[in-house]
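Trainee: below: sequence and its predicted model.
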Amino acid sequence: MSAPWRWQLTRNFIATGRETQSVKGVTLIWRSISYRLTISQGMETDERMVLLLLRVCPDLLDDAALHDGTGLRVRLAKLLAQVRAAGLPVIYAPYQGEAIDVALAAQSGDLILPWEGAHPFQQTELALELAARGARHVLLAGLHTEWEVDGCARAAAVLGYAVTLVADGHSTRDGVLPAAQIVAHHNHVLKQVARVLPLDALVLMPPDSQPDLELLEPFAPADLAALRQGLAELAHGRIPYTHPINALNVLRHTWDPTFIPPMYRLAPAAWQVGTSQTLAEAVRQPGGVWQKLVGTEATAVAQQALKSILQTPDGQTRPISSTLPLFCYQATHFRLIYHQDEAQKRLTLLAVAANAVLPRENPMDQFRTRFGLA
């Protein structure tokens, strides 16, 4: 039996500003930078990650005014080691004329791409080099937080890349605010365009060891990257499990730190529930779909999801993979993606994703079918 049809999203840059194309009878219109919807069979979007290191030169890292320069160098070296162990590409982006720090030296196969301007995507071949490496996901670290790091994260997101910022992998000097506050501020605001994870929470897997998802529904690049990160946490045993009620309380406290879970004795549950760090970050994300719900609505969504998943599936849950026990709970504004382990009676909440948008059936085709004219 052939693999199920699935919609695949690929980035498309249109210089003319407007273009239309017919794909399998579906007319698509897009402007500037968007996504082209194409039909594929037995394929999925390539979410290969590339590490992009910004301005890791000795003069900057040794600058006494740089916040935690010594600690940053150690963390960047650890990050590089993890990336190389996972077999992921590395691109250095020094400013024109800068050298690479000896502790973070480039190796054979790495790319050094000098640049001038506001960020490395501006007037360089960075996008072409990422495409040559099959990359749709940028892992970002380096200097400086409020300038190059901020600009690069936003540019990558605008160009359609999934972005992960290493929360403790960038730094800066004192400015209008103390450097530590600048770093904390940008870690917060950049959650609008990137996943922001500390180095210890980052799980990297070699591309050929990632599971073949065989997704049955379309996912935007950032959502697919988040799902893969959640699966990597699951594969590495990074997710703790607890009673479903406790899991709900933890979720609620995640988006509402003022919430204090009630103290009462819980009856034993047949299933244990775990929540990935990836999902927790999505719940905390300012302006995200979860944050748009008031506390009671978010609680209701989580409660109804667990009830549907664990007790009485009511049509709002459905499988999303033909190769893994992955399912989604369909809320009004988003999909809650979870993994179901029947053997261990464990349910893992992995990620949230935007709703799938599939092309609508032509109304005339519906008319012809209904009246026997097809």
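Mentor: Structure's in. What do you need?

Trainee: thinking residue 60 is in contact with residue 143, fair?
Mentor: Yes: between residue 60 and residue 143 there is a contact at 5.3 Å, judged by Cβ atoms under 8 Å. Placement of C-beta: from N, CA and C, glycine included.

Trainee: now the common contact residues for those two.
Mentor: Residues within reach of residue 60 and of residue 143 at once, by Cβ atoms under 8 Å, 6 or more residues apart in numbering, are residue 66.

Trainee: would you map the helices across the stretch 1-150 of the chain?
Mentor: Using DSSP state H, counting those that start in this stretch, the helices found in the stretch 1-150 of the chain span residues 58-61, 69-85, 126-132, 150-158.

Trainee: most packed of these?
Mentor: Using mean count of other Cβ atoms under 10 Å, the stretch among the helices of the stretch 1-150 of the chain with the largest mean neighbour count is helix 150-158, at a mean of 20.

Trainee: tell me what that one is packed against?
Mentor: strand 135-143, strand 162-171 (3 or more Cβ pairs under 8 Å, 6 or more residues apart in numbering; DSSP states H and E).

Trainee: now the first one against strand 162-171, angle please.
Mentor: Using axes from the mean of the first three to the mean of the last three Cα atoms, to 10 degrees, one finds that strand 135-143 and strand 162-171 are set 10 degrees apart in direction.

Trainee: now do the contacts for residue 182.
Mentor: 145-146, 172, 175.

Trainee: name the element it belongs to?
Mentor: Using DSSP states H and E, the secondary-structure element containing residue 182 is helix 179-189.

Trainee: pLDDT of the helix or strand that that helix is followed by, averaged?
Mentor: Counting by DSSP H and E, the element after helix 179-189 in chain order, helix or strand, is strand 195-197. Here strand 195-197 scores 87 as its mean pLDDT.

Trainee: for strand 195-197, packing partners?
Mentor: Under the contact criterion of 3+ Cβ pairs under 8 Å, 6+ apart, strand 195-197 touches strand 162-171, helix 221-235, helix 277-284.

Trainee: roughly how far out does it sit from the chain middle?
Mentor: A distance of 8 Å separates the C-alpha centroid of strand 195-197 from that of its chain, computed with Cα atoms, centre = their mean, to the nearest Å.

Trainee: what's near enough to touch the residue lying closest to residue 82 once chain neighbours are set aside?
Mentor: Ranked by Cβ to Cβ, 6 or more residues apart in numbering and with sequence neighbours excluded, the top spatial neighbour of residue 82 is residue 204, at 5.3 Å. Applying Cβ under 8 Å, 6+ apart to residue 204 gives the contacts 49, 82-83, 85-86, 88, 232.

Trainee: run the last query once more with 10 Å
Mentor: Contact criterion Cβ atoms under 10 Å, 6 or more residues apart in numbering gives 49, 51, 79, 82-88, 139, 164, 229, 232, 236 as the residues in contact with residue 204.
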